[in-house]
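1. Just a sequence and a predicted model for now, questions to come.
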Amino acid sequence: MRAGDRRRRDEHPAARDTVARGRRTRGSAIVERQGAPAGAGAPMIGVSTYLEPVARWGAWELPAALLPADYHRLVQRAGGRALLLPPDPEPGAARAVVERLDGVVVAGGPDVDPARYGASRDPRTGPPAHERDVWESELIAAALEADVPLLGVCRGMQLMNVVLGGTLVQHLDGHAGAPGTWETHPVCPVPGTRLAGLLGTTVSEVATHHHQAVDRLAEGLVVCARAGDGTVEAVELPSAGFAMGVQWHPEAGEDLRLMEDLVTRAAARRSGAPEAGGRSPGGRQRVEQRGTQTVGRLHQ
């Protein structure tokens with residue numbers, strides 16, 4: 001993810017030209033879909049935001065916590081209530097926030113600092129975003145510890161892998177178009193994974209813009225989708241109720257299935273009902289142990 005493209009990539013007015021409006025896809029089939037309005041008891045889904053030193057609106061130029069609107073709109077169209085989560089440096093803030101949420105989405109954005117996975121910086125890697133790396137790493141760890149449904153988008157997927165002990169490829173070609181535009185390509189979910197059960201074994205078109213990817217997969221994660229060139233396009237944590245990352249940008253398209261699944265699981269958790277395809281008590285314990293170990297590493 002090139003540093004100079006950070007704002008243009010996350011703010012995606014061109015996205016609407018790349019994916020059919022008002023439709024979602026199931027393999028090569030197209031299914032008409034109207035997003036369900038969120039009710040009063042809709043689950044609360046937190047979405048991470050990031051700080052920019054200067055943002056402009058009207059006559060004002062001030063620091064701002066930003067998030068492209070398509071993220072919160074996707075949550076709303078899938079039936080959830082979206083809450084924006086700006087970085088909070090206070091120790092324990094992420095855990096306190098996640099305790100009040102029913103689901104967490106870690107949004108796309110700039111490159112993860114390679115120091116976080118023990119690598120030297122490639123010249124093509126963007127400048128570090130330390131405050132955001134720390135905040136979102138703590139959100140991920142807190143969500144895993146509490147077994148709160150978790151979705152990582154693009155950078156969010158990469159950071160999930162790093163938080164759990166994996167590494168990243170710092171540069172690859174062919175997955176980013178011109179600045180401010182999306183590339184689109186098919187992805188192939190891996191048969192037998194949760195993602196394949198949700199989307200089928202072929203997704204004809206996803207919106208993508210990235211130049212980094214998963215390299216060494218973290219322990220416990222499984223690859224659940226790849227691109228045609230073998231690039232990891234999605235990962236999931238089978239021991240969790242719902243912990244998944246996708247390299248593409250679902251908020252830039254019209255396929256609601258992934259977010260609807262997160263919202264459904266978040267709603268079940270909110271009501272105390274068993275989750276569809278839920279995990280065993282042993283699975284919950286392993287997730288809690290993994291989350292606790294991760295929190296410990298973050299604060300060492």
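-> Here it is on my side, so go on.
2. Please name the nearest non-neighbouring residue to the residue nearest to the spatial centre of the chain.
-> Computing the C-alpha centroid of the chain and ranking residues by Cα atoms, centre = their mean puts G152 first, at 1.8 Å. Nearest non-adjacent residue to G152, counting by Cβ to Cβ, 6 or more residues apart in numbering: G245, 3.5 Å away. C-beta: built from backbone N, CA, C; applies to glycine.
3. That neighbour: neighbour count?
-> Using other Cβ atoms under 10 Å, G245 has 27 other residues around it.
4. Paired strands for the strand or helix carrying the residue nearest to the centre of the chain, with orientation please.
-> Secondary structure assigned from DSSP states H and E places G152 in strand 150-153. Strand 150-153 has its sheet partners listed here by DSSP bridges as strand 103-106 (parallel), strand 243-246 (parallel).
5. remind me which residues of the stretch 101-250 of the chain are low pLDDT?
-> Under the criterion pLDDT under 70, the flagged ranges of the stretch 101-250 of the chain are 173-182, 209-210.
6. again, only using 90
-> Across the stretch 101-250 of the chain, the ranges flagged by pLDDT under 90 are 109-110, 120-129, 170-187, 201-212, 227-229.
7. can you pull the contacts of the residue nearest to G152?
-> 151-153, 156-158, 160-161, 234-236 (Cβ atoms under 8 Å, 6 or more residues apart in numbering).
8. any idea where the strands of the stretch 1-150 of the chain begin and end?
-> Per DSSP state E, counting those that start in this stretch, the stretch 1-150 of the chain carries strands over the ranges 23-26, 29-32, 44-48, 50-57, 60-66, 81-85, 103-106, 150-153.
9. Pick out the shakiest of the ones you listed, pLDDT-wise.
-> Mean pLDDT is lowest for strand 29-32 out of the strands of the stretch 1-150 of the chain, coming in at a mean of 32.
10. returning to what we had before: let me have the strands paired with strand 150-153 in TSV, extended by distance to D113.
-> Output for those, formatted as TSV (distance: least, Cβ to Cβ, whole Å):
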stretch	distance to D113
strand 103-106	15
strand 243-246	18
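11. So which of the strands of the stretch 1-150 of the chain is nearest H130?
-> Proximity to H130 (Cβ to Cβ) singles out strand 50-57 among the strands of the stretch 1-150 of the chain, at 11.0 Å.
12. Name the residues of that closest one that are buried.
-> Y50 (16 or more other Cβ atoms under 10 Å).
13. how far is that strand from where the chain is centred?
-> 22 Å (Cα atoms, centre = their mean, to the nearest Å).
14. Mind listing residues that contact it?
-> 7, 10, 61-67, 86-87, 107, 109-110, 129, 131-132.
15. If burial is judged by neighbour count, which of those pass?
-> 7, 10, 64, 66-67, 87, 107, 109-110, 129, 132.
16. Turn those into JSON lines, including distance to S120.
-> What follows is the buried ones among the contacts of strand 50-57, written out as JSON lines (distance: Cβ to Cβ, whole Å):
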{"residue": "R7", "distance to S120": "26"}
{"residue": "D10", "distance to S120": "26"}
{"residue": "A64", "distance to S120": "33"}
{"residue": "L66", "distance to S120": "30"}
{"residue": "L67", "distance to S120": "31"}
{"residue": "P87", "distance to S120": "26"}
{"residue": "A107", "distance to S120": "27"}
{"residue": "G109", "distance to S120": "22"}
{"residue": "P110", "distance to S120": "18"}
{"residue": "A129", "distance to S120": "18"}
{"residue": "R132", "distance to S120": "21"}
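17. and which of those residues is nearest to T202?
-> Once Cβ to Cβ is applied, the member of the buried ones among the contacts of strand 50-57 that ends up nearest T202 is A107, at 26.2 Å.
18. Tally up the residues packed near the nearest residue to F242 once chain neighbours are set aside, please.
-> Spatial nearest neighbour of F242, excluding adjacent residues (Cβ to Cβ, 6+ apart): P149 at 3.9 Å. Residues near P149, counting by other Cβ under 10 Å, number 27.
19. Highest mean neighbour count out of the strands paired with strand 150-153?
-> Highest mean neighbour count among these (mean count of other Cβ atoms under 10 Å): strand 103-106, with a mean of 30.
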